[in-house]
Structure formats: C-alpha cells, structure tokens
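> Pasting the sequence and the predicted model now:
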Amino acid sequence: MMITLITLLFIGNIFRFLFGILWAILVIYTLIDLLKSNKPTNTKLLWLILILIAPILGSIIYFVLGKTNRI
C-alpha cells in the first residue's frame, strides 16, 4: 500500500494543529499561574516579558525556576 503525498501532508497538518493547541494551552496556563502567584510586581513583569518573548522556552524555564521563590 502506497502512502500518497496528500495523506502525508494531511497528517503533517494535524500534528501542526495539535502542537499549536498544546503550545497555546501551555502559555495560557503559565500566564494564569504567574498572575495568580504572590510574587512582587517587578518579578512578575520580568517573567511576563520572558514568556512573551520566548513562549515555549520561557514557560518551561518558569516552571523549572520560577515556581520556587529563589528568583
């Protein structure tokens, strides 16, 4: 059975769509968690800038380092 180019493109579009949905959920969840935290305003602003400039990397860094009170 031969997989056609159209089938591969369709599967690729589905993966791209699912990745976009997961990306949006991650960023929204991170922003909500950040805004609900009891960090000082200047710290929240710095995290917000990082998350908006580099959404995926910024979100991951926030969950690794920002959830603790070290920063």
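That came through fine.

> Which other helices and strands does the one helix or strand T7 maps to contact?
Following DSSP states H and E, the helix or strand that holds T7 is helix 5-36. Judged by 3 or more CB pairs under 8 Å, 6 or more residues apart in numbering; DSSP states H and E, helix 5-36 is in contact with helix 41-53, helix 55-61. (Glycine included, C-beta is placed from N, CA and C.)

> Can you classify T68 as helix, strand or coil?
Three-state assignment for T68 (DSSP: H, G, I helix; E, B strand; the rest coil): coil.

> pLDDT score for it?
T68 carries a pLDDT value of 71.

> what do you get for G20?
91.

> For T41, see how far away it is.
For G20, the distance to T41 equals 31 Å [CB to CB, to the nearest Å].

> So for those two, which sits in the more crowded spot?
More crowded of G20 and T41, by other CB atoms under 10 Å: G20, with 10 against 7.

> From F63, how far off is that one?
Counting by CB to CB, the separation of G20 from F63 is 20 Å.

> now swap in K36 and tell me
With CB to CB as the criterion, K36 and F63 are 14 Å apart.
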